[in-house]
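Return atomic coordinates for the entry below.
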Amino acid sequence: MTASRLTLIQTERAILDLKRHFEDTLTSSLRLHRVSAPMFVDADSGLQDNLNGIERPVSFKVPAIGDTRFEIVHSLAKWKRLALARYGIPAGEGLYTDMNALRPDEPTITSAIHSVYVDQWDWERIMSPQQRNLDYLKATVETIYNAILSTEHHICSRYDLKKFLPQKIHFIHSEDLLARFPGMTPKERENAICREHGAVFIIGIGGLLSDGTAHDGRAPDYDDWTTEALPGRRGLNGDILVFNPILDMAFEVSSMGIRVSPEVLTEQLKIRSSEDRARLPWHRMLLAGKLPQTIGGGIGQSRLSMLLLQKRHIGEVQVSVWPADEVTRCEAEGIQIL
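You can find the predicted model right below:
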């Protein structure tokens, strides 16, 4: 499959068209209300998302405010849960926002799919504690995937592109993926399963597998990666991946999951030896039962644009910074970086 030949201005128009269609489809399906969101948070609030636990946030002080240190957000997973409580949104509905983040410690910006600048639709939906199960997680994943399929159909029909996504998404637990492809790295396993099924949701990311490793990292205080989803299989979270025919590899579109309950938060903080976080304001609110039970995640805006517009580099759909040799390589290969 060859990359699209849209001009720069055609690409810019298509990005806007794609985002509008996906946003309208997703938010009507999940009953999400658009809200404003912060670009930075108080470093001592507990609202910052630690992602894999190793990324350093960009931080600064505002002289007029004093010694308070602020951090550019990594994502809005915890902030959204607080916002849902503040807005008084009822169960079965939720919120979404444009999340813009900086992740300067991203080690793979020399690849075609990563950037220091992260833009995504951050969404969160109130659910009942009784819905903390795999069936509810799967149903939500399928709703998101159907919105992706609808957007692919819309974009391909308007810009003379060929559809490639399968009509159904395949579900597999990370432990079963390990058993299916022993001896492979997590990324190799993702490539293998996505090549086979076209679209996959890998369940259970963050906890240790039978070989003593985790499929990928997750912080202990937003996704639930310890609750038993199936007999012998833990985790009520995961990643949506598809096979990208332009890059010939697995391609992550979204990370999402059912969020921690007070009991799960306590357990996961203990597993990670991070009990000190329980003293932070946000964590105290959750442990006191003052925050709603939710499901949520992030869907990469540039990632989805790159995928559905069939581009070879994420720099074709967003403006960021790249190493000089990466810019030179793209120029030599005819890739137009914005």
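
what are the ranges of the helices in this protein?
Applying DSSP state H to the chain gives helices spanning 8-30, 77-87, 134-159, 174-180, 186-197, 262-271, 281-287, 301-308, 324-332.

Pick the most buried one from these.
Comparing the helices of the chain by mean neighbour count (mean count of other CB atoms under 10 Å), helix 301-308 comes out on top with a mean of 25. The C-beta positions use only the backbone N, C-alpha and C, and glycine is treated the same way.

Run through the neighbouring helices and strands of it.
helix 8-30, strand 117-126, helix 134-159, strand 249-258 (3 or more CB pairs under 8 Å, 6 or more residues apart in numbering; DSSP states H and E).

how much distance is there from that helix to the middle of the chain?
Distance of helix 301-308 from its chain centroid, counting by CA atoms, centre = their mean, to the nearest Å, is 13 Å.

List the contacts of it.
14-15, 18-19, 22, 98, 113, 115, 119-121, 148, 151-152, 155-156, 161, 242, 244, 251-253, 311, 313-314, 316-318 (CB atoms under 8 Å, 6 or more residues apart in numbering).

go again using 6 Å as the cut-off
Contact partners of helix 301-308, identified using CB atoms under 6 Å, 6 or more residues apart in numbering, comprise 15, 18, 119-120, 152, 155, 253, 314, 317-318.

How about stretch 157-167?
For stretch 157-167, using CB under 6 Å, 6+ apart, the contacting residues are 4, 14, 152, 156, 198-199, 245, 310.

Endpoint to endpoint, that stretch covers what distance?
17 Å (CA to CA, to the nearest Å).

Tell me if I'm right that residue 59 and residue 69 touch.
Yes - here residue 59 reaches residue 69: they are 5.4 Å apart, a contact under CB atoms under 6 Å.

For stretch 121-135, list every residue counted as buried.
121-127, 131-132, 134 (16 or more other CB atoms under 10 Å).

residues making contact with that stretch?
30, 32, 76, 80, 84, 91, 94-97, 99, 229, 258, 292-296, 298-299.

Out of those residues, name the ones that lie in strands.
Assigned to strands by DSSP state E, the following of those qualify: 32, 94-97, 99, 229, 258, 294-296, 298-299.

Throw these into TSV and include pLDDT, thanks.
Shown next, in TSV, are those (pLDDT from 0 to 100):
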residue	pLDDT
32	97
94	97
95	97
96	97
97	95
99	91
229	93
258	98
294	97
295	98
296	97
298	95
299	96
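
Save these as TSV, and put in distance to residue 183 too.
Shown next, in TSV, are the ones in strands among the contacts of stretch 121-135 (distance: CB to CB, whole Å):
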residue	distance to residue 183
32	41
94	41
95	43
96	40
97	41
99	37
229	25
258	31
294	38
295	34
296	34
298	31
299	32
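
want to throw the contacts of helix 301-308 into a markdown table with pLDDT and distance to residue 36?
Shown next, in a markdown table, are those (pLDDT from 0 to 100; distance: CB to CB, whole Å):
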| residue | pLDDT | distance to residue 36 |
| --- | --- | --- |
| 15 | 96 | 22 |
| 18 | 97 | 22 |
| 119 | 93 | 15 |
| 120 | 93 | 16 |
| 152 | 98 | 29 |
| 155 | 96 | 28 |
| 253 | 96 | 24 |
| 314 | 92 | 26 |
| 317 | 94 | 24 |
| 318 | 91 | 21 |
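
Tabulate those residues in TSV, adding columns for distance to residue 332.
Formatted as TSV, these follow (distance: CB to CB, whole Å):
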residue	distance to residue 332
15	24
18	28
119	27
120	30
152	30
155	28
253	28
314	18
317	20
318	21
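
Look up how far residue 189 lies from the residue lying farthest from the centre of the chain.
No residue in the chain sits farther from the centre than residue 64, which is 34.5 Å out by CA atoms, centre = their mean. Taking CB to CB, to the nearest Å as the measure, residue 64 falls 50 Å from residue 189.

Residue 116 too?
Residue 116 sits 27 Å away from residue 189 when distances are taken as CB to CB.

Mind pulling up the pLDDT for the residue lying closest to residue 47 once chain neighbours are set aside?
Of all residues not flanking residue 47 in the chain, residue 41 sits nearest, at 4.4 Å (CB to CB, 6 or more residues apart in numbering). Looking at residue 41, its pLDDT reads 84.

Can you list the buried residues in stretch 93-104?
94-97, 99-103.

export the residues you listed to CSV and tack on distance to residue 304?
Shown next, in CSV, are the buried residues of stretch 93-104 (distance: CB to CB, whole Å):
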residue, distance to residue 304
94, 19
95, 19
96, 14
97, 16
99, 14
100, 15
101, 16
102, 20
103, 18
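
What is the nearest of those to residue 49?
residue 101 (9.0 Å; CB to CB).

Not counting residues beside it along the chain, what's closest to the closest one?
residue 118 (4.3 Å).
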